[in-house]
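K.L.:
what's the 3D shape of this:
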Amino acid sequence: MKLIKCIVPNAKLDALKETLLNAGLQGLTIYDVKGFGIHRSQLTQKVSRNYLVEFQPRCMLELVVEDHNLEKTIKLITSTAKTGRLNDGKVFVLPVEDAVRIRTSERGEAAL
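P.N.:
Reported below is the predicted structural model:
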């Protein structure tokens with residue numbers, strides 16, 4: 001099992017959520033986050049004034065998938081969220097040693 005952590009612009013959240021749910025993936029957790037990457041010091045224009053954007057608002061999605069669904073899930077995320085512009089986001093993949101469904105005590109992939 002793998003934990004996928006995906007950071008995307010807020011504008012991509014609804015499309016990404018629908019794509020993942022339509023593909024049969026379940027157990028999605030969404031957080032509102034702020035952060036910056038390589039292009040930290042963007043100059044943005046708002047109401048005819050320039051200001052420095054320190055932290056960009058983003059969404060982080062977390063989901064645990066079976067190993068055989070990993071590449072399919074990454075392709076769904078990247079194809080849905082990609083615009084080709086700066087700040088499209090990142091996908092991180094981490095190993096998951098075990099999962100336990102509290103209600104039934106099922107373990108491993110059965111707990112997903």
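K.L.:
chain center to the helix or strand where K5 lies: distance?
P.N.:
K5 belongs to strand 2-9 when assigned by DSSP states H and E. For strand 2-9, the separation from the chain centroid amounts to 3 Å (computed by CA atoms, centre = their mean, to the nearest Å).
K.L.:
report the buried residues of it.
P.N.:
Residues of strand 2-9 classed as buried by neighbour count (16 or more other CB atoms under 10 Å): 2, 4, 6-9. C-betas here are computed from N, CA, C, even on glycine.
K.L.:
again, but for stretch 14-23
P.N.:
Across stretch 14-23, burial judged by 16+ other CB under 10 Å covers 16-17, 19-20.
K.L.:
ok, and what's touching that stretch?
P.N.:
Contacts made with stretch 14-23 from outside it, assessed by CB atoms under 8 Å, 6 or more residues apart in numbering, are listed as 6, 8, 28, 30, 61, 63, 72-73, 76-77, 80-81.
K.L.:
could you give the average pLDDT over that stretch?
P.N.:
Confidence over stretch 14-23 (mean pLDDT, whole number) is 93.
K.L.:
for stretch 92-106, same thing?
P.N.:
Stretch 92-106 comes out at a mean pLDDT of 95.
K.L.:
need the distance between the two termini of it.
P.N.:
Using CA to CA, to the nearest Å, one end of stretch 92-106 lies 26 Å from the other.
K.L.:
what's the longest strand along the chain in contact with?
P.N.:
Using DSSP state E to define each element, the chain has its longest strand at strand 56-65. If you take CB under 8 Å, 6+ apart as the criterion, strand 56-65 is touched by 1-10, 12-13, 16-17, 20, 25, 27-36, 42, 73, 77, 87, 89, 96, 99, 112.
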